[in-house]
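*Asks:* Fold the following, please.
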Amino acid sequence: MKLGIAVVYMFDAESEPLLALHLRQIDKYTQVPYTIYGSVNRLAASYREQLAHYPRVRVCELPATDLRDGEEHAHYLDQLVGMAVDDGATHVVTLHLDSFPVRSGWAEELAATLSASRAFATIERIQTACLLFGRDWYLRCHPTFRLSAAQRALPTYLQFVTELDPAEHTGIGYGFAAYLNGQSWYSLPNPAKGDENSWGCVYGDMVFHLHGAIRLGDQKAGSRSVLASTLYAQLARTVAAIARRVTPVPARWLLRSRLKTILHRMIDQPRLYAQAQEVEEIKRQLFEDPEAYLMQARAEAANEAGA
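*Replies:* Predicted structure coming up:
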């Protein structure tokens, strides 16, 4: 097994401590040969230099894009995956700055879940915080993280979102590729029993993900001006996205998905502030004593699984 790890590195000083932890965990628990393909577009020069010191990290300055948020993430991931496959990786996995393995054997065990009927392995609801697939499937099915307007206009795409109601994460493109080929995927269970907004979870006793560590980092408690600007930006992106997708029914699904998130945040501002505080507290504990925090998170996940 030769593993390619694709990561879009885009962070600031507040999240910088995650970098060393993320890289240390990967190195500690990945026994198979691996290379990290890390994009550094819009990353400060000092952080690029840090990454360049790690011998197993290939620092990748990729063709830039005006896309932002999930679409920008998908744009870079597609290129990183292509580079890993071109370099001969037998398997590729996507991770985030705030996701990493917690024990040995994680990559081999995820790879063992793949089969003719299972296209990839991922965190529940298809998340690129951990999404692993094989070289042969990639070359046969040509999946992309970012779907074009033409792909979203296909009747089969409408069937896909109607039947499976996938979360609008970057990984939706890989789910659609599997669906087109009559395949399913293996999902690492969510220890919070379906709560998509759970923070600091260990999935399948393999991978830790601090959900929202980067996205929620700017949502400080009481920062209503930041919240208002964020909501306005989300609404603007929603309108722009729908304008690019003129087919009525898929656009309605996209509108429902995005407006549901926006309205939830508008109505439930106190909860959003509380979530941001919770993420900050998890980060504090994680940076203070990573081993203790991760051991506790694994134990809590095991208890939930046995409940």
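*Asks:* Surely residue 126 touches residue 174?
*Replies:* Yes: using CB atoms under 8 Å, residue 126 makes contact with residue 174 at a distance of 6.6 Å. C-beta coordinates here come from the backbone N, C-alpha and C atoms, glycine included.
*Asks:* neighbour-wise, which of these two wins?
*Replies:* More neighbours surround residue 174 than the other of residue 126 and residue 174, with 27 against 22 (other CB atoms under 10 Å).
*Asks:* Name the nearest residue to that one, ignoring sequence neighbours.
*Replies:* Excluding the flanking residues, the one nearest residue 174 by CB to CB, 6 or more residues apart in numbering is residue 143, at 4.8 Å.
*Asks:* Can you pull the residues that touch both of residue 126 and residue 174?
*Replies:* With CB atoms under 8 Å, 6 or more residues apart in numbering applied, the overlap between the contact sets of residue 126 and residue 174 consists of residue 185.
*Asks:* coming back round to it: could I get the contacting residues of the residue nearest to residue 174?
*Replies:* With contact set as CB under 8 Å, 6+ apart, residue 143 has these partners: 133, 173, 174, 176, 177, 178.
*Asks:* Check residue 104 too.
*Replies:* The neighbours of residue 104, taking CB under 8 Å, 6+ apart as the test, are 29, 31.
*Asks:* Quick check: phi and psi on it?
*Replies:* Main-chain dihedrals, residue 104, degrees, to the nearest 10: phi -70, psi 150.
*Asks:* ok, it to residue 27 distance?
*Replies:* To residue 27, residue 104 is 12 Å away according to CB to CB, to the nearest Å.
*Asks:* Please apply the same query to residue 292.
*Replies:* Between residue 292 and residue 27 the distance, using CB to CB, works out to 20 Å.
*Asks:* Repeat that for residue 42.
*Replies:* Distance of residue 42 to residue 27, given as CB to CB: 25 Å.
*Asks:* So the two - more neighbours on which side?
*Replies:* Neighbours per residue, other CB under 10 Å: of residue 42 and residue 27, the larger number sits with residue 27, 15 against 12.
*Asks:* would you say the more buried one is within a strand?
*Replies:* No: residue assignment for residue 27, taken from DSSP: H, G, I helix; E, B strand; the rest coil, gives helix, which places it outside any strand.
*Asks:* Let the chain start at 37 from now.
*Replies:* I'll keep to 37 as the first residue from here, and by that count the last item is residue 63.
*Asks:* what's the closest non-adjacent residue to it?
*Replies:* residue 92 (7.1 Å).
*Asks:* Contact partners for the one you found?
*Replies:* 63, 70, 71, 72.
*Asks:* Most widely separated two among these?
*Replies:* By the measure CB to CB, 63 and 71 form the most distant pair in the contacts of residue 92, at 11.9 Å.
*Asks:* show me where this protein has helices.
*Replies:* Using DSSP state H, the helices of the chain run over 53-65, 81-88, 105-122, 142-148, 171-177, 185-188, 191-200, 208-216, 260-280, 284-303, 305-324, 326-342.
*Asks:* Confidence-wise, which of those is weakest overall?
*Replies:* The stretch with the lowest mean pLDDT among the helices of the chain is helix 260-280, at a mean of 52.
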